[in-house]
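Engineer: Please work out how this folds:
(one chain, ligands or ions: 2)
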Amino acid sequence: MISTSVKTTGNHYHIRTGKNILENELRDALSDHATDQLFLLVDQNVAKYHQDYINHSLRGITSNIKQFIIPEGESSKSISQYSNTLDFLLTNGIRRNIPLIVFGGGVTGDLGGFVAATALRGIPLIHVPTTLLAMVDSAIGGKTGVNHATGKNLIGSFYQPSAVISDIHFLNTLPDNEWVNGLSEILKYGAIHNDQIFEDSKIFLKGKPSDQDSDKLISLIDKCVKVKAEIVGKDELESGIRAYLNFGHTFAHALEKAADFHQISHGEAVFLGMLAAEKLSLSTGGTLKTNPLHAFRDLYKYRVPQEALSLDDLMGSMYADKKRTGANLTFVLLNKWQEPIVKTVEERELITSSWSVVFDEIERNRI
Ligand code: ADP
Ligand code: ZN
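Structural biologist: Ligands and ions are numbered 1, 2, ... in the order given. Modelled structure (predicted):
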């Protein structure tokens, strides 16, 4: 088990990563709370595969448990699911000191975090991320929220958990595409902060990490957690360097939108977005040696149809993004690998030509 501590304003907690650690770490996390009652939110698929493991881990702690299943998929990050979940807590007598434990990926985590932030103006929250992406990214940093018809993540708040328990036991049942989703964010930390992450990520090159790779996987997840925790610790409310975590994401968001969030996963879009950002970094004065992302390109297979991706649409949606300030686009680029910088790019044609690597890559690895 590896532990990383996170300091935030008015809060201090640990992110623990290991294998088969759920029972011990829950016991430890719950010892801080003066109640024997618990509420659980559990992703539908996590309940399907891991209900016995969850029950077993809690058996010696308390039997006073109420559980609510969250349907799988992005559509659960909605006001209506938020409302249903609050109904569940409030009609079952939630109180200020009763912890909410959230088991699932980014969807359940973001929804559950927002519910915890707002029920009774805030109840204790414990995250148990069950996808690779949630372990390295969404469960860390305190962003919570749901989507709105006009865009993703438009309703929410910053709310820190009292503990995060990442037990790779859950990853045994993770679907293939979810591994790639997590990998892209892992490689992002390699690009912006820690070169060693590229080397460590080679465990993914031979397919899903095997049991023999467990220790390496745990150490890699923790390295990513440390990068994110450090950045978020310096910039909890996203006013400065937290932007570095968006490396590749300006391009990625445009791609996801163009493909209507269906034919391309977030991970695929982020991988392509990082290739485009590398090209833009080079054309705006960065000095980047060999691209370490290329070692991983064969793990990505694209099924997004050509028609979904017109350069005009992609450019249009970039310029329409809510994060834009002024007339020009701002990107997280690299001076060098592991040396991110926020740059405003005035030359539209440099951005346009960065998209060419995305089109080439999709052509190269099309299903
Ligand atoms: P992400 O974590 O990638 O943001 P989700 O929360 O939507 O996304 O989770 C992705 C999918 O994986 C969902 O269908 C969810 O039900 C499923 N899932 C989550 N954790 C596990 C797991 N440990 N085993 C199998 N499926 C899982
Ligand atoms: Zn991302």
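Engineer: For the rest of this, base every contact and every neighbour count on C-alpha atoms.
Structural biologist: Noted.
Engineer: residues from this structure in reach of ligand 1?
Structural biologist: With C-alpha under 6 Å from any ligand atom as the criterion, the chain meets ligand 1 at residues 43-46, 72-74, 104-108, 130-131, 133-134, 170-171, 173-174, 178.
Engineer: Make a ChimeraX selection of the buried ones in those residues.
Structural biologist: Of the residues of the chain next to ligand 1, the buried ones go into a single ChimeraX selection, burial set by 16 or more other C-alpha atoms under 10 Å:
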select :43,44,45,46,72,104,105,106,107,108,130,131,133,134,170,171,174,178
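Engineer: okay, now the closest residue in space to residue 24 that isn't next to it in sequence: neighbour count?
Structural biologist: Spatial nearest neighbour of residue 24, excluding adjacent residues (C-alpha to C-alpha, 6 or more residues apart in numbering): residue 57 at 7.9 Å. Number of residues near residue 57 (other C-alpha atoms under 10 Å) recorded here: 19.
Engineer: residue contacts, residue 57?
Structural biologist: 22, 23, 24, 26 (C-alpha atoms under 8 Å, 6 or more residues apart in numbering).
Engineer: and if you look at residue 166?
Structural biologist: Contacts of residue 166 by C-alpha under 8 Å, 6+ apart are 15, 16, 17, 18, 128, 129, 130, 135.
Engineer: Could you break the protein into its assigned domains?
Structural biologist: 2-232, 247-364 (automatic domain parsing).
Engineer: Pick out the shakiest of those, pLDDT-wise.
Structural biologist: When the domains of the chain are ranked by mean pLDDT, domain 247-364 comes last with a mean of 92.
Engineer: Between the two ends of that one, what distance do you get?
Structural biologist: 23 Å (C-alpha to C-alpha, to the nearest Å).
Engineer: from the chain's centre, how far out does stretch 19-31 sit?
Structural biologist: Computed by C-alpha atoms, centre = their mean, to the nearest Å, the separation of stretch 19-31 from the middle of its chain amounts to 22 Å.
Engineer: Can you tell me what sits against it?
Structural biologist: 1, 16, 54, 56-58, 61, 162-163, 165, 167-169, 214, 218.
Engineer: Would you mark the buried spots in the helix or strand that contains residue 280?
Structural biologist: Using DSSP states H and E, residue 280 sits in helix 266-283. For helix 266-283, burial by neighbour count (16+ other C-alpha under 10 Å) applies to 266-282.
Engineer: which helices and strands does that helix pack with?
Structural biologist: When contacts are defined as 3 or more C-alpha pairs under 8 Å, 6 or more residues apart in numbering; DSSP states H and E, helix 266-283 sits against helix 176-192, helix 249-258, strand 329-336, helix 348-364.
Engineer: which other residues reach the first one?
Structural biologist: Counting by C-alpha under 8 Å, 6+ apart, helix 176-192 makes contact with 131-134, 136-137, 196-198, 201, 208, 221, 224, 227-228, 244-245, 247-248, 265-268, 270-271, 274, 293, 299-300, 334, 337-340, all of which sit outside it.
Engineer: buried stuff in that helix?
Structural biologist: 178-192.
Engineer: right, and the helix or strand after that helix?
Structural biologist: helix 196-200.
Engineer: what packs against that following helix?
Structural biologist: helix 176-192, helix 214-234.
Engineer: could I get the first one in PDB with only the CA atoms?
Structural biologist: Just to be clear, that refers to helix 176-192. The C-alpha coordinates for helix 176-192 follow below in PDB (Å, rounded to 0.1, in the frame of the first residue of the first chain):
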ATOM      1  CA  ASP A 176     -10.600  -2.900 -22.300                       C
ATOM      2  CA  ASN A 177     -11.600   0.600 -23.500                       C
ATOM      3  CA  GLU A 178     -11.500   1.800 -19.900                       C
ATOM      4  CA  TRP A 179      -7.800   0.900 -19.600                       C
ATOM      5  CA  VAL A 180      -7.000   3.100 -22.500                       C
ATOM      6  CA  ASN A 181      -9.100   5.900 -21.000                       C
ATOM      7  CA  GLY A 182      -6.900   5.900 -17.900                       C
ATOM      8  CA  LEU A 183      -3.700   5.400 -19.800                       C
ATOM      9  CA  SER A 184      -4.100   8.700 -21.700                       C
ATOM     10  CA  GLU A 185      -4.300  10.700 -18.400                       C
ATOM     11  CA  ILE A 186      -1.300   8.700 -17.100                       C
ATOM     12  CA  LEU A 187       0.700   9.700 -20.200                       C
ATOM     13  CA  LYS A 188      -0.400  13.300 -19.700                       C
ATOM     14  CA  TYR A 189       1.300  13.300 -16.300                       C
ATOM     15  CA  GLY A 190       4.400  11.900 -18.000                       C
ATOM     16  CA  ALA A 191       4.300  14.700 -20.600                       C
ATOM     17  CA  ILE A 192       3.800  17.600 -18.200                       C
END
